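>>> 3D model of this:
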Amino acid sequence: MINILLYEYKRHKKLIIGYLMACIVLSFFAGSIFSRPADNTAVAAEVASSDALLQLNDAVLGDKLNNLAGDYSGAVSISAEPFTALLFLSIVSNINKLAHDPLNLPELPLDKPWVLAIIAVFFVASKFMKSNSTTSVFGICTLGYLEKFLGTVCILAIGIISVVTISTQTSNAVAANLDMLSAGSSLALADAGAGNMVVGALSALFSAVMGFLSLIVNFIIKTVFKGLEALQVILGAVPFVAFLCEFGKAFLVLILCAINVWFPVAGYVLNIIFLIVCILLFRVCYYASKYFENIYFLPFVHKIFSMRDKTTLIPKRVPKRLRTALSEAGIEPGFIIPTFVKRRHRNSILRIRPLRKLYLVHAEDGRTLLFFKKYNRNKNYFLPFESSEEAEIYLRKGLSLYEIYRYIPTEKNMSKRKPVKDFSLVFSKDYISYIDTIISLTGYTDIKQVLADEKAEKKEQKALLREQKAAEHTEKMSKMFSFIKHKKKEV
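Numbers count the residues shown, from 1 in each chain. Modelled structure (predicted):
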């Protein structure tokens with residue numbers, strides 16, 4: 001899991017650093033500039049009899065942590081199901097506003113009726129499309145990814161609003177205690193500016209930590225739910241699976257939101273439990289989400305925006321590890337295609353877990369290979385992956401992907417009406433303009449062509465059978481007429 005988080009951090013380094021810098025700058029200025037002397041005096045008077053260090057600690061970390069936790073309490077549910085969580089929070093915020101804020105909710109732009117209407121429309125449309133197996137992929141690729149994007153934006157907005165609010169509140173308390181400490185100590189501060197600088201630095205440090213943690217939590221939970229959607233698509237052929245998955249996710253998030261609003265302490269506990277469960281599911285869901293992104297989402301986007309022409313047999317960016325392995329093995333590639341393991345038999349020749357990413361490589365010397373980062377304790381391993389008479393490899397041109405598979409090469413299995421597959425690899429529909437070239441280079445059997453040939457052969461056999469029957473019928477009728485004519489002559 002740590003390796004995955006580090007990899008994703010490197011991919012999104014600019015966004016993460018930019019967000020953290022924004023939180024640090026805003027919290028520094030909010031903490032050091034916007035302190036109110038009147039509030040400082042009041043706070044100092046309340047804690048005048050306390051020990052100095054305990055007093056300073058309470059001022060920084062007292063009720064302010066509870067307030068901050070309250071501001072971030074919706075981050076877990078928004079990361080999981082943004083439309084569902086935002087719809088619930090918007091309904092509660094509008095009712096709370098009409099009732100003059102009895103729930104003391106954090107200030108978010110959700111208490112507007114028009115915002116509620118927009119969220120409701122997106123929620124209904126998203127659930128309707130993703131709950132139907134026929135429109136599930138389309139719904140996830142459109143409103144589903146828009147939902148995840150808006151969820152991340154909401155987390156960023158909550159983070160910035162929260163750190164500014166907590167920094168302003170903390171600055172008042174800390175400045176009050178600094179005033180009191182400087183008044184009762186022989187080492188008085190030279191001026192109030194130094195105190196404000198300390199407050200700003202503490203606020204900036206605190207906001208950076210909270211902002212970074214919120215991004216990690218958002219990424220983990222969002223990835224888990226993206227992975228669940230990918231598994232939902234894979235199992236979409238089973239009736240009612242899509243509907244039950246969407247209903248279950250929405251119900252879970254609604255319960256979590258409700259508990260966070262009305263029972264904050266229990267909500268904190270449930271958020272932690274929810275996060276722990278997501279951490280346990282993170283690894284498998286991460287690979288499932290990458291599978292869905294590369295096989296369904298990106299090809300869908302490329303088709304919509306006419307970007308498939310940019311796809312080449314050798315990608316512009318070949319992973320460094322693969323480049324090194326090709327160089328060390330002396331392989332000059334003819335094509336390099338990212339593929340994913342859709343499924344495999346428990347006794348398959350491919351000793352790798354489902355949904356993992358591989359690379360199908362065709363060398364200029366005619367060999368076809370599979371590249372593994374790690375295979376049977378071997379790193380950067382090339383496995384021969386060619387078709388033969390004993391174990392023929394098929395390539396199926398699907399509606400939304402291309403599939404490479406092989407049947408278990410046993411006589412018992414091949415005698416079945418539907419033989420069991422040894423493995424099934426898939427790759428993107430982006431290679432549609434190269435698919436005939438890929439088939440000719442690899443020597444794989446185009447199963448659609450085989451089925452079309454078999455269909456044509458059966459059609460031809462039926463036509464020959466009809467002609468044969470027609471000829472037999474004609475001959476039979478001819479003999480019958482000859483017999484009748486002969487009888488008439490005898491009479």
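>>> any idea how far the top strand by length along the chain is from the chain center?
Using DSSP state E, we find that the single longest strand of the chain is strand 333-344. Averaged C-alpha coordinates place strand 333-344 at 20 Å from its chain's average position (CA atoms, centre = their mean, to the nearest Å).
>>> tell me the angle of the helix or strand that it is followed by relative to strand 333-344?
Per DSSP states H and E, the first helix or strand lying C-terminal to strand 333-344 is strand 357-363. On the basis of axes from the mean of the first three to the mean of the last three CA atoms, to 10 degrees, strand 357-363 is oriented at 140 degrees to strand 333-344.
>>> any idea which helix or strand of the protein has the worst average confidence?
Ranked by mean pLDDT, DSSP states H and E, the weakest helix or strand in the chain is helix 37-46, scoring a mean of 40.
>>> quick one: contacts for residue 375?
351, 352, 381, 383 (CB atoms under 8 Å, 6 or more residues apart in numbering). Every C-beta, even on glycine, is put in place using the N, C-alpha and C of the backbone.
>>> redo that, cut-off 10 Å
350, 351, 352, 358, 381, 382, 383 (CB atoms under 10 Å, 6 or more residues apart in numbering).
>>> repeat for residue 251
Counted by CB under 10 Å, 6+ apart, residue 251 has contacts 81, 84.
>>> Go through the helix or strand hosting it and flag the buried ones.
Assigning secondary structure by DSSP H and E places residue 251 in helix 241-262. In terms of neighbour count (16 or more other CB atoms under 10 Å), helix 241-262 has its buried residues at 241-243, 245-246, 249-250, 253-254, 256-257, 259-261.
>>> which one of those sits closest to residue 232?
residue 245 (4.6 Å; CB to CB).
>>> Chain neighbours aside, what residue packs nearest to that closest one?
residue 232 (4.6 Å; CB to CB, 6 or more residues apart in numbering).
>>> looking at this, that neighbour is in a helix?
Yes - the assignment for residue 232 by DSSP: H, G, I helix; E, B strand; the rest coil puts it in a helix.
>>> That one and residue 131, how far apart?
10 Å (CB to CB, to the nearest Å).
>>> between these two, what contacts are shared?
Contact criterion CB under 10 Å, 6+ apart; residues shared by residue 232 and residue 131: 241, 242, 243, 244, 245, 246.
>>> and the third one, what does it touch?
For residue 243, the set of contacting residues under the criterion of CB under 10 Å, 6+ apart consists of 127, 130, 131, 132, 133, 136, 232.
>>> Flag every buried residue along the longest strand of the chain.
333, 334, 335, 336, 337, 338, 339, 340, 341, 342, 344.
>>> Does it pack against any helices or strands, and if so which?
Packing contacts for strand 333-344, counted by 3 or more CB pairs under 10 Å, 6 or more residues apart in numbering; DSSP states H and E, involve helix 264-292, helix 320-329, strand 357-363, strand 368-375, strand 402-407, strand 421-427, helix 435-442.
>>> if we can go back for a sec, for residue 296, see how far away the residue nearest to residue 245 is.
12 Å.
>>> who touches both of these two?
What both residue 232 and residue 296 touch, as defined by CB under 10 Å, 6+ apart, is the set 137, 140.
>>> Tell me which of these two has more neighbours.
It is residue 232, of residue 232 and residue 296, that has more neighbours when counted by other CB atoms under 10 Å, with 25 against 21.
>>> so that one touches residue 242, yeah?
Yes - at 5.8 Å, residue 232 and residue 242 qualify as touching, with contact defined as CB atoms under 10 Å.
>>> Pull stretch 275-282 out as CSV, backbone CA atoms only.
What follows is stretch 275-282, C-alpha atoms only, in CSV (Å, rounded to 0.1, in the frame of the first residue of the first chain):
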residue,chain,number,x,y,z
LEU,A,275,-11.4,4.1,6.9
ILE,A,276,-9.7,0.9,8.4
VAL,A,277,-12.0,-1.3,6.3
CYS,A,278,-11.1,0.7,3.2
ILE,A,279,-7.4,0.4,4.0
LEU,A,280,-7.9,-3.4,4.1
LEU,A,281,-9.6,-3.4,0.7
PHE,A,282,-7.4,-0.7,-0.8
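>>> for the record, mean pLDDT for that stretch?
For stretch 275-282, mean pLDDT is 91.
>>> Next: stretch 331-349.
89.
>>> just stretch 402-413 next, same as before
Here the average pLDDT along stretch 402-413 is 89.
>>> List the buried residues for it?
402, 403, 404, 405, 406, 407, 408.
>>> May I have the beta-bridge partners of the closest residue to the third one other than its chain neighbours?
Spelled out, that is residue 404. Nearest residue to residue 404 in three dimensions, chain neighbours excluded: residue 425, at 4.4 Å (CB to CB, 6+ apart). Using DSSP bridges, the bridge partners assigned to residue 425 are residue 341, residue 404.
>>> Surely residue 148 is in a strand?
No - read with three-state DSSP, residue 148 is helix and lies in no strand.
>>> who touches it in this structure?
79, 81, 82, 140, 218, 222, 223, 225, 226, 229, 289 are the contacts of residue 148 under CB under 10 Å, 6+ apart.
>>> cool, and residue 336?
So residue 336 contacts 312-315, 318-319, 322-323, 326, 359-362, 371 (CB under 10 Å, 6+ apart).
>>> wait, residue 388 sits on residue 409?
Yes - counting by CB under 10 Å, residue 388 touches residue 409, with 9.0 Å between them.
>>> thinking again about what came up before, distance to residue 98 added to the helices and strands packed on strand 333-344, as a markdown table?
Shown next, in a markdown table, are the helices and strands packed on strand 333-344 (distance: least, CB to CB, whole Å):
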| stretch | distance to residue 98 |
| --- | --- |
| helix 264-292 | 22 |
| helix 320-329 | 58 |
| strand 357-363 | 51 |
| strand 368-375 | 57 |
| strand 402-407 | 55 |
| strand 421-427 | 52 |
| helix 435-442 | 59 |
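>>> what about the stretch 1-150 of the chain, any weak spots by pLDDT?
27-73, 103-108 (pLDDT under 70).
>>> quick one: the helices in it?
2-11, 13-33, 37-46, 52-61, 63-72, 75-80, 82-98, 113-131, 136-139, 145-183 (DSSP state H, counting those that start in this stretch).
>>> Off-centre distance for stretch 451-466?
Centroid separation between stretch 451-466 and its chain, computed with CA atoms, centre = their mean, is 46 Å.
>>> one step back: which residues do residue 232 and residue 242 both contact?
130, 131, 133, 136, 137, 140.
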